[in-house]
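Colleague: need a 3D model of the following:
(chains A and B)
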Amino acid sequence: MRVNWKTYNPGPFFDEIISSPGYARKPAKKLASYLRSLTHEELLQKKTAAELAIKTMGISFTVYSDAGNIDREWPMDIIPRLIAGSEWDQTSKGLRQRLAALNCFIDDIYNQQKILKDKVVPAELILNSGNFRKQCLGMKPKHEVWAHICGTDLIKGESGQFYVLEDNLRVPSGVSYMVENRRVTKRTFPELFADNYSIRPVADYPAELLDMLVSLSPRQVKHPEVVVLTPGVFNSAYFEHSYLAQRMGAELVEGGDLLVENDKVYMRTIAGLSQVDVIYRRIDDLFLDPLAFRKDSVLGVPGLFNAWKKGNVALANAPGAGVADDKIIYTYVPKIIKYYLDEDPILPNVPSYLCVDKLQRQHVLENLDKLVVKPANESGGYGMLIGPQASRKELAEFRRRIKADPRNYMAQPLISLSTVPILGDRVVEPRHVDLRPFVLQGEESYVTPGGLTRVAMVKGSYVVNSSQGGGSKDTWVVENV
Amino acid sequence: MLLSRVAERVYWQARYLERAENMARLLHVFSALQLDLPKGTKLGWQSLIQITGHDTYFSTKYKQENERNVVKFLLSEKNGISLVDMLVSARENARTTREIMPTEAFELINGLYHFARDHAEKGLHRAERNNILEQIVSRAQQIGGLLAGSMSRDEAYSFVRLGRSLERADMTTRVIDVDAQKLMPQLEVERAEPEAREPYDNILWMNVLRSSSAYQMYRQHVQERVNGADVAKFLLQNEQFPRSAAHNLTTLTKVLAKLPNSGKVTWQVNKTRRLVRNADLQGLMQRGLLEHLDQVQQEIGKVHYKIADTWFLPSK
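Modeller: This next block holds a predicted model:
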């Protein structure tokens, strides 16, 4: 049985490959007819081959569970997702604009606080935020950039327009899977590359990342020492830490490999101590330095924060950058863009309600069963309420939580995420997706062509997080033909 | 410059990989050997356990030292000693040093681990065992070949070589030790007349050589028929054969010359080398070989501690 696009039914949702039964959207035409040309058996063979490649290449992620940590093979659906080049050019401008404005905002918050004095953003929202680090006040990092690596979550609504769902400015992960998904797809569908599509390559991300990190070095030396700081092998993103270090030719270090002397950071090598210039840290702020933040942290490096404040080492992202990726601050981003850049936002936000505001809270509490409620600081989809799918008990629980701590919650209407086809056991079926492009900002800025597409593998589900059973797809930005 | 922690993991990855390969070879040779022995002769499977030095642990788990129990213990069991568990350790160390090794190295080690894990149970049956063990040896050698052909001769590669050479030197002495001193006398008791014993002596010494993949090379270098003194001499003192103790100790000195702060380690390696090189094996065959080998193993153990002291992170 072959793929039949006439019986493929995305329902009321925006499907990225089919515009109406049997008709593919323009950029997807060749992909749709190529998939039709394969027998079901051939498709399943390709699926098995891809799974085997992932296993052999050791592309894995770690799931925390009560029974201990399990290293799992990375879930990837073989059918790629397509985005037209012209659409991506516009989106990518929007992403750069957004990160540039957020960096102005963070720098302002830790210095003059003009935006608070002008009352564009309420001061109490910042000063009471769990992500505001008063230790960072007065700091001016190089290029005045705090968030150097940003993972912005985008979704497509019913109209097919991209919306920004959230900004991840702390330690966003997933980029290695973006690169590896492409490597697997090249093995799986070599026929589709070159002959049929011009696909923008993603493999140079590590080189772009290294250039950006090098541009942060406080010492003006030809080859600054750049390291990736990982919490260690038990972290769920360890694969990525190791992957990026390898691809950049940087050292992968753990807290115990580093030490601080006279406010300078050194690593312990077989030839003694060697000075470190730039640290791409994949450890949360609070665990970076037991002297500055959490005293019980065993992952961090005592004295690191001071070394950074003295300007002797660069940290990417800078401590305190998370103040701008709080889900409450998110609702102010359009105003933030206007305030610092005097431009209209290119990418729209999803409309949001702030529970701290009395009227908006009222609306949220009355319509809880229609809304998605998110806590300010959680990531990975934890602590969220999806109103239309929640039980009465869950709704009551969230009503209580919102009333107890309104600052910590915001709500959004449930946007119907767009769908793309996945290869099921029998046929291709539509599933909901989001997209996480990665944006870099140092001396220059850079946006990945496409990003990591995450897909909810369960029919009808919106949960795309790999920690909760989500999968992924290779994402092709294709040149318009 | 190489991080101390990474140096340690690379070193252990190489050691575990080498140990797994040696274990596969030993099991392979032992399984073949028993087919050559006369009916009614019991092959001392426990001597395989003695090679690993885990006799006490084994006896807490099993009552009988028979083929099935020994093979299970050394091949597939979850006990931290079996071949599969060595590959677990090799893979874990490789996984945590992926950033400095060639990409394909982890893929091969990972592939070997999956292969061994998926096939170990089958290896308990004689009919399947040879094929599986041969594949494990060949895949392990492929990894060595990949590293040789694609890794820069940097500090990380030096630690691969340190781990591998030290493990080889150690294993070769263990093989001679056990086969020569423990397996042989046992057979002698069972078959008292010297004339009847002779062909089996020969087979046993060939077994020792095969355990180290040394039979063919031995034949080319030594014209005499296979005999104990010459075999021990070849495996301990021959400088050209890559699995001999002497060759590996010499390799260590060459690698050490390229590493910073290596003085104390080199001193210990040279001490071990002299001990190996100056031994009168002809005389030791009559008396004292066991003690000599024990001493060599102790000195090899000290080399490891000097390496750890010099370069690895101090244990907390």
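
Colleague: what sits against A:E16?
Modeller: A:R25, A:A28, A:R81, A:L82, A:K156, A:G160, A:S418, A:T419, A:V420, A:V433 (C-beta atoms under 8 Å, 6 or more residues apart in numbering or on different chains). For the C-beta atoms, the positions are set from N, CA and C on the backbone; glycine is no exception.

Colleague: quick one: buried ones out of the residues you listed?
Modeller: Neighbour counting over those (16 or more other C-beta atoms under 10 Å in any protein chain shown) leaves A:R25, A:A28, A:R81, A:L82, A:K156, A:S418, A:T419, A:V420, A:V433 as the buried ones.

Colleague: which of those sits closest to A:I54?
Modeller: Ranked by distance to A:I54 (C-beta to C-beta), the buried ones among the contacts of A:E16 are led by A:R81 at 17.6 Å.

Colleague: you'd agree that closest one is in a strand?
Modeller: Yes: assessed by DSSP: H, G, I helix; E, B strand; the rest coil, A:R81 belongs to a strand.

Colleague: bridging residues for it?
Modeller: On the basis of DSSP bridges, A:R81 is bridged to A:T475.

Colleague: quick check: it vs chain B, distance?
Modeller: 26 Å (C-beta to the nearest C-beta, to the nearest Å).

Colleague: which residue does the stretch 301-450 of chain A have closest to chain B?
Modeller: Closest to chain B within the stretch 301-450 of chain A is A:V301: 13.8 Å, counting by C-beta to the nearest C-beta.

Colleague: and the end-to-end length of stretch A:5-17?
Modeller: Using C-alpha to C-alpha, to the nearest Å, the end-to-end distance of stretch A:5-17 comes out at 10 Å.

Colleague: so which bits of it are buried?
Modeller: For stretch A:5-17, a neighbour-count test (16+ other C-beta under 10 Å) marks A:W5, A:Y8, A:P10, A:F13, A:F14, A:D15, A:E16, A:I17 as buried.

Colleague: now A:V63, nearest residue through space, not along the chain?
Modeller: A:I70 (5.0 Å; C-beta to C-beta, 6 or more residues apart in numbering or on different chains).

Colleague: low-confidence ranges in chain A?
Modeller: Residue ranges of chain A with pLDDT under 70: A:64-69, A:378-381, A:481.

Colleague: could you list the domains of it?
Modeller: Domain assignment for chain A by automatic domain parsing gives A:1-202+A:323-350+A:416-481, A:219-312, A:353-413.

Colleague: is the residue of the stretch 301-450 of chain A closest to chain B in contact with A:A292, as I believe?
Modeller: No: contact criterion C-beta atoms under 8 Å: A:V301 and A:A292 do not qualify, at 10.3 Å.

Colleague: follow-up on the earlier one: can I get the domains of chain A in CSV with distance to B:R219?
Modeller: Below are these laid out as CSV (distance: least, C-beta to C-beta, whole Å):
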stretch, distance to B:R219
domain A:1-202+A:323-350+A:416-481, 38
domain A:219-312, 41
domain A:353-413, 63
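
Colleague: rewinding a little: of all the buried residues of stretch A:5-17, which comes closest to A:T39?
Modeller: A:W5 (15.6 Å).

Colleague: mind checking the SS state of that closest one?
Modeller: coil.

Colleague: touching, it and A:P21? I think so.
Modeller: Yes: checked against C-beta under 8 Å, the pair A:W5 and A:P21 is within contact range at 7.1 Å.

Colleague: where's the residue of the stretch 301-450 of chain A closest to chain B relative to A:C136, distance?
Modeller: To A:C136, A:V301 is 17 Å away according to C-beta to C-beta, to the nearest Å.

Colleague: who has more neighbours out of these two?
Modeller: A:V301 (29 against 23; other C-beta atoms under 10 Å in any protein chain shown).

Colleague: check contacts around the more buried one.
Modeller: A:L229, A:G255, A:L258, A:L259, A:V260, A:V265, A:L288, A:D289.

Colleague: can you pull the residues of chain A lying near chain B?
Modeller: Chain A has residues A:55-58, A:228, A:233, A:242-243, A:245-246, A:250-254, A:256-257, A:267-272, A:274 near chain B, with proximity defined as C-beta under 8 Å from any C-beta of the partner chain.

Colleague: narrow those to those in helices?
Modeller: If you go by DSSP state H, the residues of chain A next to chain B have A:K55, A:T56, A:S242, A:Y243, A:A245, A:Q246 in helices.

Colleague: just give the closest residue to the fourth one, not the sequence neighbours.
Modeller: Translated: A:Y243. A:S176 (4.1 Å).

Colleague: residues in contact with that neighbour?
Modeller: Residues near A:S176 by C-beta under 8 Å, 6+ apart: A:F239, A:E240, A:Y243, A:L244.

Colleague: closest one of these to chain B?
Modeller: Closest approach between the contacts of A:S176 and chain B, by C-beta to the nearest C-beta: A:Y243, at 7.3 Å.
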